[in-house]
Each structure stands twice: as structure tokens, then as C-alpha cells.
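Undergrad: build me a structure from this.
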Amino acid sequence: MREDTTMSTARRFLTLLPLALLSACHGAVLDPAGDIALQQRDIIYISTALMLLIIVPVMALIVVFAWRYRQSNKDATYDPHFDHSTALELVIWSAPLLIIICLGALTWWSTHLLDPFRPVNRVSAEKAVDPKVKPLVVQVVSLDWKWLFIYPEQGVATVNELVLPVDRPVKFDLTSTNMMNTFYAPTLAGMIYTMPGMRSTMHAVLNRPGTFEGMSANYSGAGFANMRFKLYGVDEGGFQGWVARVKASGPVLDTNRYLALEKPSEKVPALYFSGVDGDLFDRVFNRCVAPGTPCMKDVMRHDMQAGGTHPHDPRAGAGMPSGRNAPPHGQKPEGAIFKQGEEKGDGPNRTSPEAKEAPASRNTSQNLLPATPGLARAHAA
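TA: Predicted coordinates for the structure are as follows:
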């Protein structure tokens with residue numbers, strides 16, 4: 001009796017376990033608030049339906065075959081010499097092939113249409129973007145372990161709070177400090193990576209007001225689990241009022257405050273800055289916020305001009321150190337292994353053929369192998 005009770009409890013627990021797991025999912029991906037997220041959700045639905053065209057018939061046929069050809073069914077056809085059916089082969093191979101073609105076409109179409117670098121051309125399926133409306137620019141910096149949002153046109157900045165006007169296209173410029181991360185607001189649009197020294201772009205639009213959540217979708221250390229931000233969708237009047245309130249309170253985000261903010265910290269509440277240095281995002285992107293640090297773009301320009309030519313000069317040797325015999329622009333140089341004598345030129349890494357090497361340095365095995373008893377005496381003999 002006790003065993004029956006235990007088995008019944010176990011079955012009840014296994015039945016409720018999937019429901020408990022599903023209750024932890026808030027379904028943000030399937031409840032979009034932006035047009036890009038809506039189209040991505042539709043792609044999920046279409047892809048799932050296409051795959052179910054194979055999964056459901058296969059699962060059903062397993063039950064049908066098991067029941068029809070059970071041992072007790074004496075009326076079932078038994079043919080031990082069956083080895084081929086052209087009709088069956090056509091069904092087995094053509095159906096999956098057609099589904100793969102459909103999924104491939106859908107992937108190609110959606111990859112180009114929903115490219116994050118491509119500006120949005122509609123607010124929703126029923127409303128196109130007004131060409132007179134200028135997209136809102138938001139500069140995003142992922143730090144350890146928080147999100148910095150800079151509104152360059154409004155001159156304000158926030159930490160872990162993103163406010164967007166409804167039905168207005170938004171252009172995100174994204175970078176990171178010293179760790180790769182992923183900017184992800186599932187109700188707004190897909191995820192996009194942020195990397196140090198690199199600049200990403202994402203276009204999106206929010207269709208309805210509300211309070212949503214964004215996060216980092218790429219593990220980046222101890223504070224990753226709490227690297228989240230609030231996303232608020234408001235109307236245009238509400239957005240302008242929010243900007244005015246931020247401008248009226250909070251300090252200015254200058255270099256010193258940014259360097260303090262850049263230090264790793266966890267569970268950071270929303271912070272507001274009434275002003276921000278105009279070139280702060282560019283200095284973060286070029287990794288030269290700290291005073292005296294050379295900017296990445298300046299270092300690259302110096303390296304490209306090391307040969308005394310402009311980086312856009314199509315002449316031979318552009319960007320090459322002076323004195324090198326470079327091939328015409330766009331052609332592969334000939335390796336030194338195919339040259340002889342003086343054709344190889346001279347350089348700090350080339351040993352002169354007249355230089356005499358010590359016998360010990362020429363015999364590399366003598367340098368690498370440990371000493372063996374009796375070996376020195378044998379060589380001496």
C-alpha cells in the first residue's frame with residue numbers, strides 16, 4: 001500500500017514539474033512590444049510549424065505501426081522479404097527536403113530583412129516610418145556589471161534604465177569597456193554583441209507603452225546574473241518630461257565620474273546624470289577615457305602612416321615601413337624563400353650569410369637533449 005502511495009506521489013510530481021518550470025518563464029520573447037521583436041516571434045512560430053509537419057506525423061505513425069503490427073494482430077501483413085518501396089522513399093526524402101528549402105528561404109529572407117544595421121522602415125505592420133521623424137540615438141556601453149545609456153542629443157545619461165518614446169525609431173550605438181557582452185531586450189528586438197574597441201549598431205522601435213526588462217545574454221563574470229536594466233515605453237510627452245527631470249537632478253557624467261563608474265560593481269540601482277561629456281562614447285570606443293591614454297584611432301593612423309604615405313594612398317608601399325620593397329597595392333608579395341642573395345634585401349631579422357655560427361648553436365640537438373653519461377667522452381674520442 002505504501003509503495004502504491006509513493007508511486008502515485010512520484011507520478012504527480014513528474015506531471016507538475018514541467019508546469020513549474022514553465023511558470024518561471026515570463027514569455028517576453030512571445031509577448032513583443034516592438035515591431036522587430038514581433039517579426040522575430042513570427043519567425044519562431046513559422047519555423048516551429050514547419051518542423052512540426054515532420055515531428056507530428058512521425059510521432060503518430062509510431063503509435064499506428066506499433067498498434068497495427070503488434071504480435072497479437074494476426075491480420076497484419078507480414079512480408080519478411082520487403083526491402084524497397086519507391087513511393088515510400090519519395091515521401092521519406094521529399095517532405096524533409098521541402099521543409100529544409102522553406103526554412104533556408106525563411107532564414108535568408110529574415111537575416112536580410114531584420115539585419116540590426118538596417119534602419120527600420122515601418123513602425124508596425126499597419127504604419128510606415130514618417131521620413132520627417134528623426135530616429136532617437138542612444139549610445140550603449142556595457143560595463144562590469146551594469147549598462148550605461150547616453151542620450152547625446154538630449155545631453156543626459158542613465159545607468160540600468162532605458163526610456164524610449166513609443167512609435168519612434170531608435171538607433172543604438174553599442175560598445176563595451178573590457179568584456180564582451182550581449183545587449184538583449186527581448187520585447188524590443190534581438191540580441192547584439194558589444195565588444196571592446198568595436199562599435200555595433202542596432203535599429204528598433206517600440207510599439208506600446210509599458211515596463212519591460214533587458215539583460216546581458218553573454219556570461220561576463222561574477223555579476224552577470226544581476227546585469228539587468230529596466231526598459232520603459234512612454235509617449236513623446238512622457239519622454240520629454242523624463243528628460244527634463246533627469247536634467248534637473250543628478251551630477252554631470254565627466255571623465256572622473258565615468259572612471260569611477262567603470263569599476264566592477266553588482267546590483268547597481270538606476271543612476272541619472274544631468275549632463276555628459278560630448279565625446280565620452282567615442283573615447284570609450286577608442287579606449288582612451290583615462291587622461292594621457294592614446295586613442296585607438298590615433299594609434300592606427302600612426303601605424304598606417306609609418307611608411308610615409310597616407311592610408312588611402314593607392315600607391316605601392318602604402319602603410320609599409322620605409323625601405324621595404326612592397327608589391328603594387330593589392331598584390332601578394334613574393335616570399336624570401338624564392339629569392340637569392342642580395343634579392344632578399346636586409347633587415348633586423350635577417351642573418352648575414354657571411355656570419356659564422358658557433359658549432360654548438362648549429363647543433364640544436366646538442367642544446368635540447370639532456371647530458372647523457374659517457375656521451376661527452378665518446379665525442380671527445
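Undergrad: and the pLDDT for Lys132?
TA: At Lys132, the predicted lDDT confidence score is 86.
Undergrad: shaky segments in the chain?
TA: Per-residue confidence for the chain (pLDDT under 70) gives these ranges: 1-26, 306-381.
Undergrad: per-domain residue ranges of it.
TA: Taking automatic domain parsing as the domain assignment, the ranges for the chain are 27-68+89-114, 124-285.
Undergrad: now render the ones you listed as TSV, adding distance to Lys74 and mean neighbour count.
TA: (Each C-beta comes from the backbone N, C-alpha and C, glycine too.) Converted to TSV, these look like this (distance: least, Cβ to Cβ, whole Å; neighbours: other Cβ atoms under 10 Å):
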stretch	distance to Lys74	mean neighbour count
domain 27-68+89-114	12	13
domain 124-285	56	18
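Undergrad: for these, give me a markdown table that also has distance to Met304.
TA: Putting those into a markdown table (distance: least, Cβ to Cβ, whole Å) gives the following:
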| stretch | distance to Met304 |
| --- | --- |
| domain 27-68+89-114 | 32 |
| domain 124-285 | 16 |
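Undergrad: secondary structure class for Thr158?
TA: What DSSP: H, G, I helix; E, B strand; the rest coil gives for Thr158 is strand.
Undergrad: quickly list what it is bridged to.
TA: For Thr158, the beta-bridge assignment (DSSP bridges) gives partners Phe149, Tyr272.
Undergrad: so it makes contact with Val276?
TA: No - using Cβ atoms under 8 Å, Thr158 is not in contact with Val276, being 10.0 Å away.
Undergrad: now do the SS call for the spatially closest residue to Trp147 that is not a sequence neighbour.
TA: Using Cβ to Cβ, 6 or more residues apart in numbering and skipping the chain neighbours, the partner closest in space to Trp147 is Phe229 (4.6 Å). Using three-state DSSP, the secondary structure recorded for Phe229 is strand.
Undergrad: tell me who's in contact with Phe229.
TA: Contact partners of Phe229, counting by Cβ atoms under 8 Å, 6 or more residues apart in numbering, are 146-147, 149, 160-162, 213-215.
Undergrad: switch to 7 Å and redo it
TA: The neighbours of Phe229, taking Cβ atoms under 7 Å, 6 or more residues apart in numbering as the test, are 147, 160-162, 214.
Undergrad: for it, list each beta-bridge partner.
TA: With DSSP bridges as the rule, Phe229 is bridged to Gly214.
Undergrad: distance check, it against Phe212.
TA: As defined by Cβ to Cβ, to the nearest Å, Phe229 lies at a distance of 10 Å from Phe212.
Undergrad: do the same with Met51
TA: When Cβ to Cβ is the yardstick, Met51 and Phe212 sit 29 Å from each other.
Undergrad: how about the helices in the stretch 1-150 of the chain?
TA: Across the stretch 1-150 of the chain, reading from the start of the chain, the helices by DSSP state H, counting those that start in this stretch fall at 2-23, 35-68, 86-113.
Undergrad: so for Phe183, which of those helices sits nearest?
TA: Among these, helix 35-68 comes nearest to Phe183, with 13.2 Å by Cβ to Cβ.
Undergrad: so which elements touch that closest one?
TA: Contact here means 3 or more Cβ pairs under 7 Å, 6 or more residues apart in numbering; DSSP states H and E; on that basis helix 35-68 packs against helix 86-113, strand 122-124.
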